[in-house]
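Asks: take this sequence and fold it.
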Amino acid sequence: MNSYSNNDMENVSTGYTKKNMPKRYGLLWEDKQELVVELCKEKLPVLVEDRAKEIKNPDNSEVNIMIEGDNYHALSILNYTHKGKIDVIYIDPPYNTGNKNWKYNNDYVDKEDAFRHSKWLSMMDKRLKLAKPLLREDGVLVCAIDENELWHLGSLLEEIFFDREIHLVTIVHNPRGVQGKNFSYVNEFAFFVIPKGIKVIGPRKLDEEDVYWSNLRNWGGESDRSDAKNCFYPIMVRGTEIIGFGDVPEENFHPGSQVENNGDYKLVWPIDVNGNEKKWRYARQSVESIQALLRIRKSTNGRIEIEIGKPYGTVKTVWQNPKYDAAEYGTKLVHELVPNSNFDFPKSVYNVYDCITPIVSSRKEATILDFFAGSGTTGHAVFMINKEDGGSRKVILCTNNENGIAEEICYPRIKAVIYGNEKYREITGYSTNLKYFKTDFVDSIPTDLNKKNLVDRSTEMLCLKEQCFDLIKEGLNFKIFSGPSDKYLGIIYDEDGIESFKSEVVKTNKKFSVYVFSLDEGVKEDEFEEISHLVDLKPIPASILNVYKRIFK
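Replies: Take a look at the predicted model:
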C-alpha cells in the first residue's frame, strides 16, 4: 500500500481541501512544470562529443561515457541508445533539505517554498519514468535518500516500479551526526528496487570483524586421520603466508610434531594439542580452491593453527562502518583527487562500492548508470570493482554543469582515478577509456529539412547505441565505424552515399548495423539486395523519432 500525503496546499490539485479530500491509495502531489521538460516540445536532444576530453587507453576496449547536460535530456537519449541494456542504476538525487542547495527551473528551492515537496516529486517522477525502461529484466535500481523525502520517494517508487520488489537499507554515513530539532541524524538510506522472484543480490564481502573464523582441522566425531585419508597432508607456511600444500603421505608415515621446519618454510599438520592425528576439512585435491579463505593464527606454545573464514554473507539491512564516513572517504578524497574543488557532501566511495558490488560481482561486463553523477563517485566505485577482479564493467555518468560540476569536478576526478593518485594508490589507477559528450538540440517540427538535420546530428547517438566509436572510413554521405568484438556500424546520411557505402561493405566482408536516411519509416531493401547477408538495415530518423514521440507525448 502506498502512502497518502496531503501536507499543506501541495495535494490540493483537484480543488479538494483537507476536510473533503477523498480517501485514496497512492501519492498525490501538485505536478509542477519544468523548463527542461517543456523545451522538448520544441527541441529534440542529441549528443555532441567533446573530443578534447576523451581519455584513450589502447590496453582496454571498454568505453565509459560521461554526458554533460540536464539528466532529463540525457535519459531521453539513453531511451534510444540503451533501452533494456542497463544492469544497475545507482543515483544519489539532491536531498530536499530546505537549504539552498537544490534548484528547480533555475531557482533555489528553500524550506519556505509551499510546493518544495511537489517540485522535488515532479522532478523525480519524470526521471524515474525515463529510467525504468533502461533496466534489463534482471536490472536493479539503487536510490540513496535521507529522511526529508524518504516516505515520498518510497511511495513514488511503489507507483512506478509496481512490478518489482523494494527494499530499504540504512547506512550510517555521518557518525558525528547532523543536529535537528529533536534528533541528531547519523544515517541515510538506500532503496534497492529489484526484480520479483529473481536472485540478483549476491553475497557481500564482510568487514573483517564480522567474519566468522574456525579451525580448518576437524574435531568431534569422524575427525580422525583414518576417517578420510586424503584429508591428511601438510600445509606449507612461510611467515604469515600460506604458500602451498604438500602431498598425502603414506599411511605408515607419522609427523614428528604439529609444526615441522622445512628449509625457509614450515609444514603444518592437522594434529591436535594432545598429539592426535586428525584431518583437514578439505581433501588434498580440493583444498587449493579455498586457499583464499584461509589464514594463519600462531599461538605462544609454538603451534600454528590454520583457520577458514567465510568473508561473504547475505547483505544486511543496516550498514555501519567507518569507511562509510562521507567526510573522510567523500569530501577529503574528492579534495585530494581534485584540489580546490568545491562540492558539498560527496558520498563515501565505499558506500557506493558496497551498494553496487553485490549486484555486479558475477556480471563482469555490466553497464552501470548514474544520472545524478555529481562528483563522479559511482564511476570511481565501478573502476575499483574492475581493478579488484579484472572485470570490464562500463559506467555512464550524467550530470549538468551547474557551478562547473561536470567540467571542474566530475571529469577531473574520473581522470585522476584513471591515471592514479599516489596517496590513494590502492583505489585509483585503472586502465580504461572515456568518451565525453554534451547534450544539444535540433528543431522538433517534423519538416523534411528538420528530419535531415536530425540525421546529420545523430552520429554520436548511433555510435553510442552500437558501441562503435572508431571512425575507419568517411566517404561522401556515409561513415563507417568499428567497435570491439568485430562490430561495424554504417551511417548513410543521404541516398547518394548508398553505392559507395556498398562497395566498402564488399571490401570489408563483415556484418554491419546500417542506419539509412529515409523520410518515411522504411528502407529500400532492394537497393542492398546483393549485400543483404551482411547488413542489418534500420531507417533514420524514424527509429529515433518514434522513441521521442513516446517520451514527449
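
Asks: residues touching stretch 64-74, excluding its own?
Replies: By Cβ atoms under 8 Å, 6 or more residues apart in numbering, the residues outside stretch 64-74 that reach it are 34, 36-37, 40, 45, 47, 50, 53, 77, 126-127, 130, 371-373, 379, 394-401, 406-407, 410-411, 414, 432-439, 464. All C-beta atoms are positioned from the backbone trio N, CA, C, and that covers glycine.

Asks: now do that stretch: distance from first to last residue.
Replies: Stretch 64-74 has an end-to-end distance of 15 Å (criterion: Cα to Cα, to the nearest Å).

Asks: just stretch 200-214 next, same as before
Replies: Using Cα to Cα, one end of stretch 200-214 lies 29 Å from the other.

Asks: what's the mean pLDDT across that stretch?
Replies: For stretch 200-214, mean pLDDT rounds to 86.

Asks: off-centre distance for it?
Replies: 21 Å (Cα atoms, centre = their mean, to the nearest Å).

Asks: can you pull the buried residues of it?
Replies: Under the neighbour-count criterion of 16 or more other Cβ atoms under 10 Å, stretch 200-214 has 200, 204-206, 211, 213 buried.

Asks: same question, stretch 281-298
Replies: 281-282, 284, 287, 293-296.

Asks: show me where pLDDT drops low in the chain?
Replies: 1-26, 97-106, 108-114 (pLDDT under 70).

Asks: quick one: which helix or strand includes the nearest residue to residue 453 once chain neighbours are set aside?
Replies: Spatial nearest neighbour of residue 453, excluding adjacent residues (Cβ to Cβ, 6 or more residues apart in numbering): residue 442 at 5.2 Å. Here residue 442, judged by DSSP states H and E, is contained in strand 433-443.

Asks: need the buried residues of stretch 200-214 in a markdown table (columns: secondary structure).
Replies: Output for those, formatted as a markdown table (DSSP: H, G, I helix; E, B strand; the rest coil):
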| residue | secondary structure |
| --- | --- |
| 200 | coil |
| 204 | strand |
| 205 | strand |
| 206 | coil |
| 211 | coil |
| 213 | strand |
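
Asks: neighbours of residue 502, how many?
Replies: For residue 502, the count of nearby residues is 20 (other Cβ atoms under 10 Å).

Asks: scratch that, residue 94 is what I was asking about
Replies: Using other Cβ under 10 Å, residue 94 has 16 neighbouring residues.

Asks: check residue 439 too.
Replies: As a burial measure, residue 439 scores 21 neighbours (other Cβ under 10 Å).

Asks: can you offset everything so residue one is 26?
Replies: In the new count, where the first residue is 26, that last one comes out as residue 464.

Asks: separation between it and residue 93?
Replies: For residue 464, the distance to residue 93 (Cβ to Cβ, to the nearest Å) stands at 7 Å.

Asks: you'd agree residue 155 is up against residue 573?
Replies: No: look at residue 155 against residue 573 with Cβ atoms under 8 Å: they stay out of range, at 11.5 Å.

Asks: helix or strand: which one has the spatially most central residue of the chain?
Replies: For the chain, residue 393 is the residue whose C-alpha lies nearest the centre (Cα atoms, centre = their mean; 3.0 Å). Per DSSP H and E, residue 393 falls inside strand 392-395.

Asks: by contact count, what packs against that strand?
Replies: strand 111-116, helix 402-414, strand 419-424 (3 or more Cβ pairs under 8 Å, 6 or more residues apart in numbering; DSSP states H and E).

Asks: and the chain, what are its domains?
Replies: Here the domain assignment for the chain is 60-225+340-464, 238-334, 470-577, based on automatic domain parsing.

Asks: for residue 52, which of these is the nearest?
Replies: Closest to residue 52 of the domains of the chain is domain 60-225+340-464 (Cβ to Cβ; 4.1 Å).

Asks: first-to-last residue distance for the closest one?
Replies: For domain 60-225+340-464, the first-to-last residue distance is 15 Å (Cα to Cα).

Asks: do stretch 547-564 as well
Replies: Across stretch 547-564, the terminal residues are separated by 6 Å (Cα to Cα).

Asks: same question for stretch 410-430.
Replies: With Cα to Cα, one end of stretch 410-430 sits 24 Å from the other.

Asks: what are the buried residues along that stretch?
Replies: Residues 410-412, 416, 418-426, 430 are the ones in stretch 410-430 that count as buried (16+ other Cβ under 10 Å).

Asks: I'd like those residues written out as JSON lines, with distance to residue 367 added.
Replies: Output for those, formatted as JSON lines (distance: Cβ to Cβ, whole Å):
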{"residue": "410", "distance to residue 367": "28"}
{"residue": "411", "distance to residue 367": "29"}
{"residue": "412", "distance to residue 367": "28"}
{"residue": "416", "distance to residue 367": "33"}
{"residue": "418", "distance to residue 367": "30"}
{"residue": "419", "distance to residue 367": "29"}
{"residue": "420", "distance to residue 367": "23"}
{"residue": "421", "distance to residue 367": "25"}
{"residue": "422", "distance to residue 367": "19"}
{"residue": "423", "distance to residue 367": "21"}
{"residue": "424", "distance to residue 367": "15"}
{"residue": "425", "distance to residue 367": "16"}
{"residue": "426", "distance to residue 367": "14"}
{"residue": "430", "distance to residue 367": "9"}
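
Asks: please enumerate the strands of the stretch 226-375 of the chain.
Replies: With DSSP state E, counting those that start in this stretch as the criterion, the stretch 226-375 of the chain has strands at 229-230, 238-240, 260-263, 266-270, 284-287, 290-293, 319-323, 329-334, 337-338, 343-345.

Asks: just the stretch 26-175 of the chain next, same as before
Replies: Using DSSP E, counting those that start in this stretch, the strands of the stretch 26-175 of the chain run over 68-74, 88-93, 111-116, 128-129, 132-133, 160-170.

Asks: how about these in CSV, adding distance to residue 273?
Replies: Shown next, in CSV, are those (distance: least, Cβ to Cβ, whole Å):
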stretch, distance to residue 273
strand 68-74, 62
strand 88-93, 49
strand 111-116, 44
strand 128-129, 70
strand 132-133, 73
strand 160-170, 43
